[in-house]
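A.B. asks: I need the structure of the sequence given here:
(one chain, ligands or ions: 1)
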Amino acid sequence: MAQLIDGKIISKQIKDELKEQVTAMKTEGKEVGMAVIQVGKDPASTVYVGNKKKACAYIGIRSESYELPEETTQEELVTLIERLNRDDAIHGILVQLPVPAHIDEQAIIRAISPKKDVDGFHPQSVGALSIGQKGFVSCTPAGIIQLLKRSNIEIEGKECVVIGRSNIVGKPMALLLLRENGTVTVAHSRTKNLKEVCKRADILVVAVGRPKMIDASYVKEGAVVIDVGIHRGADNKLCGDVDFDSVEPVASAITPVPGGVGPMTIAMLMYNCVEAAR
Ligand code: NAD
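C.D. replies: Numbers count the residues shown, from 1 in each chain. As a prediction, the model looks like this:
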């Protein structure tokens, strides 16, 4: 039976560590502040924003919330971001994505000061990661590294296969595994012989965005399998990109959905915000 990598427990550990640090910073007169901006009323975004504000409250980070109407212009949003860039009481700025179609997402990402880029999406943050310099790292892949390390799973020298090459998960994941001295392959929608490529993996990170696509036929006996996907099925239950029931018997360790990678994303966002304040 595979070891279950429990993101709920590990994310709570991280949040509790941060809570201690934030409390200590308060005694030195420093309060950590985060601005959370949502444009429009997308229901999924509202849930994510609510969870982020709850995590801030738990840790003791002061959160300022900006709920802007759907028709907000790009100029208005950039003006708000620039004001928050100059605000010394705000250490992290989060714009919940996606923004409405009339706003250029990349322009918004670039408007956030790299010093307050707690999502790690700014080109300067991405560039720093790719050349091994200090900078904010995209929260989901950073959380996966924490899941592996805190579960005592060694990355150095391991064959790591990442399925997916998105800017927020696949690409930064590959760079982080490389930084940990893994031997990294990135597979994607044009990869030939995907099964053969995946079967090489000691550590398989799946971020394809397709419910239960990866079954046991893609997995080497004893591999560690990290499932980034989140989908709500017709039965209203959550599932991942990995067919858990099929893969669990062959894997040595696996993340469940829900309760695996998901909770880590917010924990690492909080981590980035505390780092920004430091
Ligand atoms: P995306 O759609 O941007 O990227 C998917 C990637 O998968 C692409 O690079 C594509 O090349 C690859 N792909 C698609 N079909 C493929 C196929 N048949 N074979 C091989 N590769 C294929 O998705 P994303 O933003 O990277 O997210 C991936 C999944 O992770 C989604 O289910 C998303 O909801 C989830 N997600 C979860 C969290 C979290 O906090 N747990 C965070 C971000 C994304």
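A.B. asks: contacts and neighbour counts: CA atoms only from here.
C.D. replies: Fine.
A.B. asks: Now the residue nearest to Leu94 when sequence neighbours are not counted, what are its backbone angles?
C.D. replies: Distance criterion C-alpha to C-alpha, 6 or more residues apart in numbering; nearest residue to Leu94, sequence neighbours excluded, is Val36 at 4.9 Å. Dihedral angles of Val36 (phi, psi; degrees, to the nearest 10) stand at phi -120, psi 120.
A.B. asks: Val36 reaches His91, doesn't it?
C.D. replies: No. In this structure, Val36 is not within contact of His91 by C-alpha atoms under 8 Å, at 11.2 Å.
A.B. asks: Compare neighbour counts for these two and give me the winner.
C.D. replies: His91 (27 against 19; other C-alpha atoms under 10 Å).
A.B. asks: Roughly how far does that one sit from the ligand?
C.D. replies: 22 Å (C-alpha to the nearest ligand atom, to the nearest Å).
A.B. asks: Return the residues of the stretch 1-150 of the chain in contact with the ligand.
C.D. replies: Taking C-alpha under 6 Å from any ligand atom as the contact definition, the stretch 1-150 of the chain meets the ligand at Thr140.
A.B. asks: Residue of the stretch 1-150 of the chain nearest the ligand, please.
C.D. replies: Proximity of the stretch 1-150 of the chain to the ligand (C-alpha to the nearest ligand atom) peaks at Thr140, 5.4 Å away.
A.B. asks: what does the longest helix seen in the chain contact?
C.D. replies: As assigned by DSSP state H, the longest helix anywhere in the chain is helix 7-27. Here helix 7-27 makes contact (C-alpha atoms under 8 Å, 6 or more residues apart in numbering) with 31-32, 55, 58-61, 147, 150, 255, 259-264, 267, 270-271, 274.
A.B. asks: rerun that using 7 Å as the cut-off
C.D. replies: For helix 7-27, the surrounding residues in contact (C-alpha atoms under 7 Å, 6 or more residues apart in numbering) are 31, 59-60, 147, 259-261, 263-264, 267, 271.
A.B. asks: Can you select the buried ones from those residues in PyMOL?
C.D. replies: The PyMOL command for the buried members of these (criterion: 16 or more other C-alpha atoms under 10 Å) is given here:
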select buried, resi 31+59+60+147+259+260+261+263+264+267+271
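A.B. asks: buried stuff in stretch 110-119?
C.D. replies: 111-119.
A.B. asks: Put together JSON lines for the residues you listed, with secondary structure on each row.
C.D. replies: Shown next, in JSON lines, are these (DSSP: H, G, I helix; E, B strand; the rest coil):
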{"residue": "Ala111", "secondary structure": "helix"}
{"residue": "Ile112", "secondary structure": "coil"}
{"residue": "Ser113", "secondary structure": "coil"}
{"residue": "Pro114", "secondary structure": "helix"}
{"residue": "Lys115", "secondary structure": "helix"}
{"residue": "Lys116", "secondary structure": "helix"}
{"residue": "Asp117", "secondary structure": "coil"}
{"residue": "Val118", "secondary structure": "coil"}
{"residue": "Asp119", "secondary structure": "coil"}
